[in-house]
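Chemist: structure for the following, please:
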Amino acid sequence: MSTTDSETKLKALNDGPTEKTGEELNNPFAGMTDAQGNAIPGNGEVDEETEGLHAVADGIEKMQVAAEGLPETPPRLDGEKEEETSAGNDNLFNPRAYDDPALQLPMVDGQGIDKIGIKISGTIKLGGSTTVQPLAQLLANQFHKINPSVSVSVAGGGSGVGINGALDGTWNVGMSSNNLSSDNLAAGLVGTAMAKDAVTFVVNPNNKVKALTITQIKKIWTGKITNWKQVGGVSHKIDVCGRAAGSGTGDFVNKNVFGDANMKAPWTGSTSPTLVSTLKTYNSNGELRNGVAGDKYAIGYVGMAYATSKVRGIKLNGYLATRANAKAGKYPIVRSLWWVTKGAPTGLGKSFIDYSLTKNGQSLVNKLYMALH
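Modeler: Numbers count the residues shown, from 1 in each chain. As a prediction, the model looks like this:
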């Protein structure tokens, strides 16, 4: 490879994702590769009304980031022998360098170095929330491109798995779609917010009900409304879908949306009400979405990245779960997504978290959820 080619490649890696136009907008994964280095397809169509947020299904499934079908031990991105991380060194990474061309330094023997001159190498293990999982994979792919001597694995399992794994050392960084509890904080866990998500209530595309209020949603999940005819639909029993124990999304919705007497932000509920006895539970966002897609009388809720063309998001209190409506405070159910560490982030885990908060990292967040800035 010539010097010019190397410099061009380095600049592309450090510049991060660029603005896309035309057909590229239909593939939010354009230019990204999976763990084996293959291009990630994404042929969902952008829905202008929901600003393209419902067009990522094919890309997510090709990446195998929905919980169904994931291997118990996901492959590392570079296939190298697992190494110990450089825990404890807080100076491995200068996040400004990923956004500031003036700070970029050349590759050394084809290997990534951080922008204060220290080569980064080792393994980062992420695990937990299936809401966060596709976003974590996008960030992991780009982080590995910039730092090829760092392998990053991403696993699902739910927010409970992420929180417990951060606590016992299974993960360098856990992933959670719910706030840490007082018990979690007392145990020494630290949460770092890195995205916003509008929890989206979805129905089968053939369901003619297009809008509900939060009051109606709560009555459906607590068994006070049981037939679609009661909310303007056909006369048929409502099949209510939710998440299994250990889900951050399920815990957030049950305690806050259904358990908060005010039923509006700021969400302060702490106890879930008794839910309908016929509730169908699923272990992941992807499984729940597919359950609703296969049942024309079903209703459920997912992170906004999973509200794809397989299902249809409904209006809540008059507004769809779009980025614009959520940022304007019109769509009511918005939450933070979290990285979780035992104590303050250190070593390679801190390097990854720092990268996710840079301008380039947040541009990836915006492909699936909402950036913090």
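Chemist: for Ser336, see how far away the closest residue to Asn184 other than its chain neighbours is.
Modeler: Distances taken as Cβ to Cβ, 6 or more residues apart in numbering put Ile163 closest to Asn184, at 6.0 Å, once the chain neighbours are dropped. Every residue, glycine included, has its C-beta placed from N, CA and C. For Ile163, the distance to Ser336 (Cβ to Cβ, to the nearest Å) stands at 14 Å.
Chemist: between these two, who's got more neighbours?
Modeler: Taking other Cβ atoms under 10 Å, Ile163 and Ser336 do not tie; Ile163 has more neighbours (28 against 19).
Chemist: what's near enough to touch that one?
Modeler: Contacts for Ile163 were tallied using Cβ atoms under 8 Å, 6 or more residues apart in numbering; they are 128, 174, 176, 180, 184, 189, 340.
Chemist: keep only those of those residues that are in helices.
Modeler: If you go by DSSP state H, the contacts of Ile163 have Asn184 in helices.
Chemist: give me the buried entries from the contacts of Ile163.
Modeler: Neighbour counting with 16 or more other Cβ atoms under 10 Å marks 128, 174, 176, 180, 184, 189, 340 as buried within the contacts of Ile163.
Chemist: of the residues you listed, closest to Thr322?
Modeler: Nearest to Thr322 among the buried ones among the contacts of Ile163: Ser176, at 24.0 Å, using Cβ to Cβ.
Chemist: where do the helices sit along the stretch 51-200 of the chain?
Modeler: Secondary structure of the stretch 51-200 of the chain by DSSP state H, counting those that start in this stretch: the helices cover 57-63, 133-146, 159-168, 182-186.
Chemist: for the stretch 1-150 of the chain, which spans come out with low pLDDT?
Modeler: By pLDDT under 70, the low-scoring segments of the stretch 1-150 of the chain are 1-118.
Chemist: about what we covered before: tabulate the contacts of Ile163 in JSON lines, adding columns for distance to Thr346.
Modeler: Below are the contacts of Ile163 laid out as JSON lines (distance: Cβ to Cβ, whole Å):
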{"residue": "Gly128", "distance to Thr346": "18"}
{"residue": "Gly174", "distance to Thr346": "14"}
{"residue": "Ser176", "distance to Thr346": "19"}
{"residue": "Leu180", "distance to Thr346": "18"}
{"residue": "Asn184", "distance to Thr346": "18"}
{"residue": "Leu189", "distance to Thr346": "14"}
{"residue": "Val340", "distance to Thr346": "14"}
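Chemist: any chance of CSV for the helices of the stretch 51-200 of the chain, columns distance to Asn366?
Modeler: Below are these laid out as CSV (distance: least, Cβ to Cβ, whole Å):
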stretch, distance to Asn366
helix 57-63, 15
helix 133-146, 10
helix 159-168, 22
helix 182-186, 28
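Chemist: of all the ones you listed, which lies closest to Asn360?
Modeler: helix 133-146 (7.4 Å).
Chemist: specify the angle between the closest one and helix 159-168 in degrees.
Modeler: In terms of direction (axes from the mean of the first three to the mean of the last three Cα atoms, to 10 degrees), helix 133-146 departs from helix 159-168 by 50 degrees.
Chemist: against which helices or strands is helix 133-146 packed?
Modeler: If contacts are counted by 3 or more Cβ pairs under 8 Å, 6 or more residues apart in numbering; DSSP states H and E, helix 133-146 sits against helix 3-15, helix 57-63, strand 122-128, strand 150-157, helix 347-356, helix 359-368.
Chemist: tell me the angle of the last one relative to helix 347-356?
Modeler: Note on geometry: by the same axes, to 10 degrees, helix 359-368 and helix 347-356 are set 70 degrees apart in direction.
Chemist: what comes up buried for helix 359-368?
Modeler: Within helix 359-368, the residues that count as buried by 16+ other Cβ under 10 Å are 360-362, 364-365, 367-368.
Chemist: among the residues you listed, which one sits closest to Asn317?
Modeler: Distance to Asn317 across those (Cβ to Cβ) is lowest for Leu368, with 23.7 Å.
Chemist: out of the buried residues of helix 359-368, who's nearest Tyr331?
Modeler: Nearest to Tyr331 among the buried residues of helix 359-368 is Leu368, at 16.2 Å by Cβ to Cβ.
Chemist: that closest one contacts Pro134, doesn't it?
Modeler: Yes: under the contact definition of Cβ atoms under 8 Å, Leu368 touches Pro134, with a separation of 6.0 Å.
Chemist: thinking again about what came up before, give me the pLDDT for the residue nearest to Asn184.
Modeler: Ile163 carries a pLDDT value of 97.
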